[in-house]
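Visitor: give me a 3D structure for the following:
(2 chains)
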2 protein chains.
Amino acid sequence: MRTSIATVCLSGALVDKLHACAAAGFDGVEVFEPDLVASDHSPEEIRALADRLGLGLDLYQPFRDLEGVDDALFADNLRRAEQKFALMNRFGIDTMLLCSNVATATIDSDELFAAQLRELGDLAERYDVRIAYEALAWGRYVADYRRSWDVVRLADHPRVGLCLDSFHILSRGHDPAAIADIPGERIFFLQLADAPTMTMDLLSWSRHHRLFPGEGSFDLARFLDLVLATGYDGPVSLEVFNDVFRQTDPGRTALHARRSLTWLEDRTAHRSPALGLRLLPPAAPPSGVDFVEVKAEDTTDVEVLLEQLGFDFGGRHRSKPVRLWSQGEARVVVNEQGARGQLPHLAALGFGVADADAAADRAAVLRAPRVARRTYRSELTLTAVAAPDGTEVFFCPTSADWVSEFEEGTPAAGESLVTRVDHVNLAQPWDDFDEAVLFYASTLGLVADAGTEVAGPRGLVRSQVMRTEDCCVRLPLNVAPVSEEGLLPQHVAFACTDVVALAERARAAGLVSLPVPANYYDDLMARFDLDPALLARLRELDLLYDRDAHGELLHFYTPTVAGVFFEALERRGDYAGYGAPNAPVRLAAQQRSTPQTLP
Amino acid sequence: MRTSIATVCLSGALVDKLHACAAAGFDGVEVFEPDLVASDHSPEEIRALADRLGLGLDLYQPFRDLEGVDDALFADNLRRAEQKFALMNRFGIDTMLLCSNVATATIDSDELFAAQLRELGDLAERYDVRIAYEALAWGRYVADYRRSWDVVRLADHPRVGLCLDSFHILSRGHDPAAIADIPGERIFFLQLADAPTMTMDLLSWSRHHRLFPGEGSFDLARFLDLVLATGYDGPVSLEVFNDVFRQTDPGRTALHARRSLTWLEDRTAHRSPALGLRLLPPAAPPSGVDFVEVKAEDTTDVEVLLEQLGFDFGGRHRSKPVRLWSQGEARVVVNEQGARGQLPHLAALGFGVADADAAADRAAVLRAPRVARRTYRSELTLTAVAAPDGTEVFFCPTSADWVSEFEEGTPAAGESLVTRVDHVNLAQPWDDFDEAVLFYASTLGLVADAGTEVAGPRGLVRSQVMRTEDCCVRLPLNVAPVSEEGLLPQHVAFACTDVVALAERARAAGLVSLPVPANYYDDLMARFDLDPALLARLRELDLLYDRDAHGELLHFYTPTVAGVFFEALERRGDYAGYGAPNAPVRLAAQQRSTPQTLP
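Guide: As a prediction, the model looks like this:
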């Protein structure tokens, strides 16, 4: 599968974009005309650079507003086109994208459109180039790929074919099934973009909210399957623009973009093995969170919290300034190695996997950056990759016993009330959010729940849960508004068998959990008509409560230590959520308690 | 007119919000329930604080999902409501907002809605409170204010009335004319919000894009006129939330909000003098830009540019480290007073006004912060206020001669080609943008053109022109994406009679204007089929070109000095724009030339 990407997807100057695309492993690019016009490099220079980088120049785009006009205007349009054909010859680009007329069309006639495209085809013939005609979703008359295909068929010119773009087709809710009726050799180009489900005017949606495959709601595997099944073997190209990518480092966006195509190729290969597409090394979804690691120059305050929550002190690692705390299947590693000046933050997550080598191979093909950690020969080597926000993701073979590398621990006094890590809440910088969705979906095979928004005192917090089908791993990703304070606190939620008992024990051990205002309990009473004894207990222990159709949630929070805090929770019945209605109360309480950090 | 605002409009904790609203001069607030629930202050404390601040607690909101349900659910809903009524008694709040049912209504019957509201009214009677029923734009069955009025009329209960909200009515395109048929005493509350014209799902539009009156596209003066004409004399309250306000200092947002109501009251007073509303001190729109001021510790580099552009050196101010440069009616003041460590930036704008005192009075009523500048007694005192981004706005009496305070100047050699300031392009931090629109609209009486977006190498630049009707003053406001670099360059565009001659003269004087890439001229040729001699001239002088249906624009840019640069332009015929198609080319060239600053 030949991969390509439009230069409009990336920020920066045209030559920077070419370098970024080549480094990310794309086979080619679409040259976006405004990028060329604003560039101080000549077409010949660009061509030579692309040659050196091994990058094809697959498309020149866009040419606008050609067809459906009167003779005088059409003559001027042909003149415009001829200048672009000459330019394409300087580049050595053989295909030009023609968008259906948005602005100047006045005559609604397939016959006229076809006749004018045929004339353009004759001109293209003289320059040895060809035309890929695309129905824009907001085209004046041609806004449906089925109609653009009618026009191309009617034009019946070897230099005139179709460009299909998933956004323009799926954003209008058009059924892509009719693609199957188009001969593959009449499709000259394929552009892909994903998008979130939303209702807004198509132009704004397109301009601000396109996403790479795997980040939105479109069924792009089916779409790609349909196109490749026609016999189309040209570039599979990304045309995605939104407010994030335009501000992000182009090298990083290009890698991210390339990963989305690798993921999509795998999904499509699973759907239709006969297409001969490349499969990713298979990786079963993780069986759970094996450990979380908190890193800081001084982890004492975090360890005090863990002790108060009843964790066993598992001792010190035999070769590193790293200590282990555990309770039930929940393990927290605190790491002071190479952490000078760092405040406590969530630095790594270990996921239990059946085959760590396969998981690492898969991550490598997806170009997830490998993380190196020095170890002694006698010790277990765990493979890790970096998530977009820098969190290290370890693949832990379920058979491996790294715990025995820790020495001289002391078990806690009481019984283990915590059973496991229920979820890890990863606050994301706003420009990492979509990339993180794709990262966890592709490398770990997590699925995305529908996104939500939670109101905090400093703005709306966008939230999206990534999880395994069986909920053994749950990672709510949150994006909060930009702040001057920097650190976005992340948190680990521990599942326990009896959160009331745990809260009492922790309090006896000195924990002052996050205070919950009295008004909250008054409102709880109004909402749920709780048993007064339960309400009194909740109030006394600063416990939060939620209920859905399937069960109940009781939970509390520890204070925040710089960039990390903990939650203990008990799910009663089949409560499936995360206490989202309580998030504004928690965020406001945190703002009061630790105004130096940020919800 | 009693003014009020919902606490949801502001960021921060509930008590901070109350202080901010009182300081901004509001008469009352709507208490937003989640703000209370998250607060660690009791209702009694809030009530006492509001009393001390002289702030009325005008509304408790929202209560949701009451009507259109079966008996069992309705009984629980009444129980919920009763707890809230008891809470309102603790607050001393007499009105509760009831939103039309979104989530739980299953029976679509006006009779049932009315019967259930009547029963709620009986309960409200016992607590001496009343219900303001609002049709949410996305209500399950009741989504139109005319239907909510039908229901209230049918309920026929003295404790049950209407809440009207401009957003819910105008966002659906409902004609507000039928408000005239509602008796004023049946309207229990009025909420106002403006919004930009856009097509998206109503909930997202409402949640992310509401604006204060004067910043969007709704005709709120007509709306308010209709409501007040019914005899309604309750609070005129703002309920506005969007992604900006939630992150901004609450004191600042409250002032901004209060200004929007002052402006709206004036507009409505002009419409219907009989309502007895308060008029603003009248102020004729400015007759032109009298001067612009560039401030820095060292203004030398800016002065070199002005000299190269052929400006006369007007000399030094007789008492301050301030110098004047002028050409035609364009005047640039460079100011090194109190500027230690400051890089060159646009610090002030002077507008010619017929009556400076009236303009200052108007700005004072609008609570624009007054700016103080020390002067000697013998010198002219100009009044100034601060725009939202800190730019100082001076009101310059057209009769005043401040120019004569400058001494020992030397006129330039050649003829004056520059005639006046054509426009001043004010880059705005993203969170100042809407506030700036209201500021210039209300204090200077400027009107807003439709907004546009321009693609730059670092993201889309949102742009909106504020201008006088006669275009004597034009201020394009731009908001560019957030960057680490800080300074957003602003620029002053000088109109001239012959930009080709000016460019030649400036080049002879040593100006190296912003280089324009060759690709731009190739594209210009393709687009406009220009006379080759003209094209050669443009190319030689790095001139940019644009054309619309009414005329042509030729223009060039100086290099950027820290936060400021200049443009020289010639409008041929009635060209009305600002060369927007050239902006991406300019932004990319600036990025190449001065990568340390930001487009």
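
Visitor: helices and strands around the one helix or strand A:Leu553 maps to, which ones?
Guide: Element membership for A:Leu553, per DSSP states H and E: strand A:551-557. Strand A:551-557 sits against helix A:499-508, strand A:544-548, strand A:564-573, helix A:583-593, with contacts defined as 3 or more Cβ pairs under 8 Å, 6 or more residues apart in numbering or on different chains; DSSP states H and E. Using the backbone N, CA and C atoms, a C-beta is placed for each residue, glycine as well.

Visitor: rerun that using 10 Å as the cut-off
Guide: The contact analysis (3 or more Cβ pairs under 10 Å, 6 or more residues apart in numbering or on different chains; DSSP states H and E) places strand A:551-557 against strand A:490-496, helix A:499-508, helix A:532-541, strand A:544-548, strand A:564-573, helix A:583-593.

Visitor: averaged pLDDT, that strand. What do you get?
Guide: Strand A:551-557 carries an average pLDDT of 98.

Visitor: what are the buried residues along it?
Guide: Buried residues in strand A:551-557, counting neighbours by 16 or more other Cβ atoms under 10 Å in any protein chain shown, are found at A:552-557.

Visitor: state the pair within these that is farthest apart.
Guide: Longest distance between any two of these is 17.5 Å, between A:Glu552 and A:Tyr557; criterion Cβ to Cβ.

Visitor: gap between the closest residue to A:Pro429 other than its chain neighbours and A:Ala580?
Guide: Once flanking residues are discounted, A:Pro429 sits nearest to A:Asp389: 6.2 Å by Cβ to Cβ, 6 or more residues apart in numbering or on different chains. As judged by Cβ to Cβ, to the nearest Å, A:Asp389 and A:Ala580 stand 22 Å apart.

Visitor: so which of the two has more stuff around it?
Guide: Neighbour count, other Cβ atoms under 10 Å in any protein chain shown: between A:Asp389 and A:Ala580, A:Asp389 has more, with 19 against 15.

Visitor: now do the contacts for that one.
Guide: Contacts of A:Asp389 were listed using Cβ atoms under 10 Å, 6 or more residues apart in numbering or on different chains, and they are A:346, A:426-429, A:431-433, A:435-436, A:439, A:477, A:488, A:490.

Visitor: got any ranges where the stretch 51-200 of chain A has weak pLDDT?
Guide: By pLDDT under 70, the low-scoring segments of the stretch 51-200 of chain A are A:197-200.

Visitor: and what of the stretch 251-400 of chain A?
Guide: Checking the stretch 251-400 of chain A against pLDDT under 70 turns up A:374-379.

Visitor: and the next element down the chain from whichever strand or helix holds A:Glu82?
Guide: Assessed by DSSP H and E, A:Glu82 sits inside helix A:71-91. For helix A:71-91, the following helix or strand on the C-terminal side (DSSP H and E) is strand A:95-99.

Visitor: export that next one to CSV, keeping only CA atoms.
Guide: Taking Å, rounded to 0.1, in the frame of the first residue of the first chain, the C-alpha atoms of strand A:95-99 are listed here in CSV:
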residue,chain,number,x,y,z
THR,A,95,-1.9,14.3,-11.2
MET,A,96,-3.9,17.4,-10.4
LEU,A,97,-6.8,17.5,-7.9
LEU,A,98,-9.8,19.3,-9.4
CYS,A,99,-12.5,20.1,-6.8
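
Visitor: so is A:Asp522 in a helix, a strand, or just coil?
Guide: At A:Asp522 the chain is in helix, as set by DSSP: H, G, I helix; E, B strand; the rest coil.
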